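K.L.:
Below are the sequence and a predicted model; questions follow.
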Amino acid sequence: MRLLFVGDVVGDSGQQMIKEYLPKLKRKFHPQATIVNGENATKGRGINESVYKAFLQTGADVVTMGNHTWDNRDIQDFIGGAKKLIRPANFSANQVPGIGHTIININQQKLAVIDLQGRVFMSPSDDPFAVVQDILEEVKKETDFIFIDFHAETTSEKEAIAWFLDGQVSAVVGTHTHVPTNDARILPKGTAFMSDVGMTGPYDGILGMKRENVIGRFLSQMPTRFEVDETGRKTLSACVIDIDDKTGHAKKIFPVLINDDHPFMD
């Protein structure tokens, strides 16, 4: 089984990159499942229904979220019926709408996709280490093919949960920091890991936001409204993961980067 995972889509620029390149990436790499993190897709904060549906129409099988899940209030109107949209499973499950994991059918196999959020330098949430163990008890009754989007700030927390789950899941890939890391690897017991897959959106912004606003914040320490930089060049960050069809263990993981410095090659 081959998976394609695309990192945090930011604003209109990110949507445009998905529309232009996701079909090309699918033709080039032939993934059996495509997962897109869409938590910044609508104006840099959250996602609305039309963008969610556009991702599915373009080729995404599952859309994951993160700490900006509720920033676009429209999500509360449709997340209850959006079976391919998952928010972090360690949000208080009995208090918020939506689901934290899903299982999709791929030919004769099933793939579980789990969304988790870290707690270090992040908003309060339930313990992801404990929550994921409960989810694994459930999903392993159906499949050994398990992908986790771990939306977290620190590399140490991302590495910790990957090592904690080594051999139990197919892959743990980080999101949230918007900077792709050069540490894609297979852990000893068969779990693919990458600290952060990176973002899809403005290439010339700072983490996708207008440079002058971010720099001004550092210079003045005054509250500043961050806005998506929609005027410059664009980038797409992703990774491809190959999973053994018999064991559910990862065989290969490699990054994919598309921008002016790394042009797409058919």
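P.N.:
Thanks, I have the structure now.
K.L.:
can you pull the buried residues of the helix or strand of the chain with the lowest mean pLDDT?
P.N.:
Least confident helix or strand of the chain, by mean pLDDT, DSSP states H and E, is helix 211-220 with a mean of 92. The neighbour-count check on helix 211-220 (16 or more other CB atoms under 10 Å) flags 214, 217 as buried. For the C-beta atoms, the positions are set from N, CA and C on the backbone; glycine is no exception.
K.L.:
What is the distance between that helix and the centre of its chain?
P.N.:
Centroid separation between helix 211-220 and its chain, computed with CA atoms, centre = their mean, to the nearest Å, is 27 Å.
K.L.:
Likewise for stretch 225-234?
P.N.:
20 Å.
K.L.:
The nearest residue to Asp127 once chain neighbours are set aside - how many residues pack around it?
P.N.:
Leaving out its chain neighbours, the residue that sits closest to Asp127 by CB to CB, 6 or more residues apart in numbering is Asn90, at 6.8 Å. When neighbours are defined as other CB atoms under 10 Å, Asn90 has 23 of them.
K.L.:
by contact count, what packs against the longest helix anywhere in the chain?
P.N.:
Secondary structure of the chain per DSSP state H: the longest helix is helix 11-29. Here helix 11-29 touches strand 2-6, strand 8-9, strand 33-37, helix 49-58, strand 199-202, strand 234-243, strand 250-258, going by 3 or more CB pairs under 8 Å, 6 or more residues apart in numbering; DSSP states H and E.
K.L.:
and the angle for that helix with strand 33-37?
P.N.:
160 degrees (axes from the mean of the first three to the mean of the last three CA atoms, to 10 degrees).
K.L.:
so how far is helix 11-29 off the chain centroid?
P.N.:
In terms of CA atoms, centre = their mean, the centre of helix 11-29 is found 15 Å from the chain centre.
K.L.:
check contacts around the residue nearest to Asp127.
P.N.:
100, 116-117, 125-128, 131-132 (CB atoms under 8 Å, 6 or more residues apart in numbering).
K.L.:
So for it, what's the pLDDT?
P.N.:
pLDDT for Asn90: 96.
K.L.:
Also the one 10 residues further on?
P.N.:
You'll see Gly100 listed with a pLDDT of 96.
K.L.:
Near the nearest residue to it once chain neighbours are set aside, how many residues? Count them for me, please.
P.N.:
Nearest residue to Gly100, sequence neighbours excluded (CB to CB, 6+ apart): Ala89, at 2.4 Å. A total of 22 residues lie near Ala89 under the criterion other CB under 10 Å.
K.L.:
can you pull the buried residues of stretch 188-196?
P.N.:
190-196.
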